[in-house]
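[1] sequence unknown, structure follows:
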């Protein structure tokens, strides 16, 4: 009788974990995915709106040049579920909303001097001529932007956004991080320069469900509500994963959680210096308030907040991208705030978060009334964004860990690109290929 094939446990049912699991299962490997959440998708997970439709807990879209997610959708045979739509982008500054959807809008951005507008408009072109991102690793985004755009543009446009995104860490963020943001968004434009974004019918949760179904058809197993609480290691080799439901035996394990979580799991089995290096990568959390309204706030999809007194980094009116018909006629608005997890706002109750946000909404939209709010939801992510500081490439841990057959694939290893579904899928494919290569060598 043939012995069963080696068993792989994937910790985390986000897009990295699902992609890796699907790749391995299609190659005939036995794979189990575990996750402490009650649904697949990770940071792209969903909840039910007041009218029963599913919606992402944190706003999501992808760019038209996000090739890895496009290829995945083709593999799944669901290209017909992808929609492309132009979007309107704006900036809130000095109690005024300015449109910034097309290149000509930049020339009309009156908070800047005429020279400042030209320098702002040229920034994307300047970013595109950078061929070697490593040349930017020694420079902060703050210094790089001031050098390219000048102090006026930096102070009125980019500094408020950096502070809104990274708070007290804003002047430590690498120029590489910002450079990648500019080149990515600049490559997702249609005719006339308007930004065009893509979405999956039913939301990213529908795509995650489709992946999960394909994985299970290939023989894989998913266990939700089943977090990893420890690793079982003997003779330097991973042997299993501890969970509240007992130990799951494993011949190899792929961990896709944030580095602090992985550090806790591996600490009893690795040298302190290795664990300390894992903890060198910092993170910032996120609070995302989602409003279900009976009417629209504006005609803008993505409104960047360039007002230092406004506590949210952006207001994303999702139903200016995906039609209200998808949500029972309700208008969906996200309000995002990046912050440390010990901040008061992060620890507020959901109702208190709403009460905190309402005066700011009214300041921006004076006609707004609380009666417009039909439902509200608040979700929190403690490890929402790695802090990509100077020389970040030196801090990225290897995919192979000091424990044999224990692998690591997390958002903190996505570099020079930034986290996102597209690159999560890429990392999932990379780690699966690494596992397959190691398995082939072991079988020789």
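    Received it, and whenever you're ready, just let me know what you need. What you see is a predicted model, and the numbers here were worked out from it, not measured in a lab.
[2] strands of the stretch 301-444 of the chain, start to end?
    Counting by DSSP state E, counting those that start in this stretch, the stretch 301-444 of the chain has strands at residues 302-305, 314-317, 331-339, 373-386, 406-408.
[3] and for the stretch 1-150 of the chain?
    7-11, 30-35, 46-48, 54-56, 62-63, 82-86, 89-93, 96-99.
[4] okay if I get the ones you listed as CSV plus mean pLDDT, distance to residue 439 and mean neighbour count?
    All C-beta spots, glycine's among them, are computed from the backbone N, C-alpha and C. Converted to CSV, these look like this (pLDDT from 0 to 100; distance: least, CB to CB, whole Å; neighbours: other CB atoms under 10 Å):
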stretch, mean pLDDT, distance to residue 439, mean neighbour count
strand 7-11, 98, 9, 26
strand 30-35, 98, 12, 24
strand 46-48, 93, 34, 15
strand 54-56, 93, 35, 22
strand 62-63, 90, 31, 21
strand 82-86, 93, 33, 14
strand 89-93, 92, 46, 21
strand 96-99, 90, 53, 17
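[5] so which of those is nearest residue 132?
    Closest to residue 132 of these, according to CB to CB: strand 62-63, at 22.6 Å.
[6] which strands and helices lie in contact with that closest one?
    Judged by 3 or more CB pairs under 8 Å, 6 or more residues apart in numbering; DSSP states H and E, the packing partners of strand 62-63 are strand 196-200, helix 421-443.
[7] hmm, 10 Å instead?
    Secondary structure elements in contact with strand 62-63, counted by 3 or more CB pairs under 10 Å, 6 or more residues apart in numbering; DSSP states H and E, are helix 67-76, helix 175-186, strand 196-200, helix 421-443.
[8] in the stretch 251-400 of the chain, which spans are helices?
    Under the criterion DSSP state H, counting those that start in this stretch, the stretch 251-400 of the chain carries helices at the ranges 259-266, 272-279, 344-347, 350-364.
[9] among those helices, which comes closest to residue 75?
    Between residue 75 and those, the shortest separation by CB to CB is 28.1 Å, and it involves helix 259-266.
[10] what about that closest one, average pLDDT?
    In this model, helix 259-266 carries a mean pLDDT of 98.
[11] next: stretch 400-416.
    97.
[12] picking that back up, closest to residue 420 out of the strands of the stretch 301-444 of the chain?
    If we rank the strands of the stretch 301-444 of the chain by CB to CB, the stretch that ends up nearest is strand 373-386, at 10.7 Å.
[13] what pairs with the closest one, and is each one parallel or antiparallel?
    Strands adjacent to strand 373-386 in the sheet, as given by DSSP bridges, are strand 283-293 (antiparallel).
[14] most tightly packed of the helices and strands packed on strand 62-63?
    The highest mean neighbour count among the helices and strands packed on strand 62-63, using mean count of other CB atoms under 10 Å, belongs to helix 175-186: a mean of 21.
[15] so how far is that helix off the chain centroid?
    Centroid displacement of helix 175-186 relative to its chain, using CA atoms, centre = their mean, to the nearest Å, is 15 Å.
[16] and it, what does it pack against?
    Other elements packing on helix 175-186 under the criterion 3+ CB pairs under 10 Å, 6+ apart are strand 62-63, helix 114-128, helix 141-149, helix 159-166.
[17] the same query, at a cut-off of 7 Å, please.
    helix 114-128, helix 141-149 (3 or more CB pairs under 7 Å, 6 or more residues apart in numbering; DSSP states H and E).
[18] these into CSV, with extra columns for mean neighbour count and mean pLDDT?
    As requested, these are exported to CSV (neighbours: other CB atoms under 10 Å; pLDDT from 0 to 100):
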stretch, mean neighbour count, mean pLDDT
helix 114-128, 16, 90
helix 141-149, 19, 96
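[19] how about those, which one is nearest residue 302?
    For the helices and strands packed on helix 175-186, the distance to residue 302 is smallest for helix 114-128, at 16.1 Å, taking CB to CB.
[20] residues in contact with that closest one?
    Defining contact as CB atoms under 7 Å, 6 or more residues apart in numbering, one finds that helix 114-128 is touched by 103, 106-107, 109, 112, 148-150, 152-153, 157, 179, 182-183, 186.
[21] ok so, going back, can I get the helices and strands packed on helix 175-186 in TSV with distance to residue 161?
    Rendered in TSV, the data for the helices and strands packed on helix 175-186 read as follows (distance: least, CB to CB, whole Å):
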stretch	distance to residue 161
helix 114-128	12
helix 141-149	10
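[22] before we move on, back to that, mean pLDDT lowest for which of the helices and strands packed on strand 62-63?
    Per-stretch averages of pLDDT across the helices and strands packed on strand 62-63 put helix 175-186 at the bottom, with a mean of 83.
[23] tilt between that one and helix 114-128?
    An angle of 100 degrees separates the directions of helix 175-186 and helix 114-128 when computed by axes from the mean of the first three to the mean of the last three CA atoms, to 10 degrees.
[24] just to revisit the earlier point, quick one: which of the strands of the stretch 1-150 of the chain is nearest residue 334?
    strand 54-56 (8.7 Å).
[25] how far is the closest one from where the chain is centred?
    A distance of 15 Å separates the C-alpha centroid of strand 54-56 from that of its chain, computed with CA atoms, centre = their mean.
[26] with stretch 155-170 instead?
    For stretch 155-170, the distance to the chain centre is 18 Å (CA atoms, centre = their mean).
[27] may I see the buried residues of it?
    Taking 16 or more other CB atoms under 10 Å as the neighbour-count basis, stretch 155-170 is seen to contain the buried residues 156-166, 169-170.
[28] excluding residues flanking it in the chain, which one is nearest residue 39?
    In this structure, residue 39 finds its nearest non-sequential neighbour in residue 45, 5.3 Å apart by CB to CB, 6 or more residues apart in numbering.
[29] hmm, that neighbour is touching residue 38, no?
    No - the pair residue 45 / residue 38 is not scored as a contact, 8.9 Å apart, by CB atoms under 7 Å.
[30] which stretches of the stretch 251-400 of the chain have low pLDDT?
    Low-confidence segments of the stretch 251-400 of the chain (pLDDT under 70): none present.
[31] about what we covered before: residue 319: which of the helices and strands packed on strand 62-63 is closest?
    Using CB to CB as the measure, strand 196-200 is the one of the helices and strands packed on strand 62-63 that comes nearest residue 319, at 11.6 Å.
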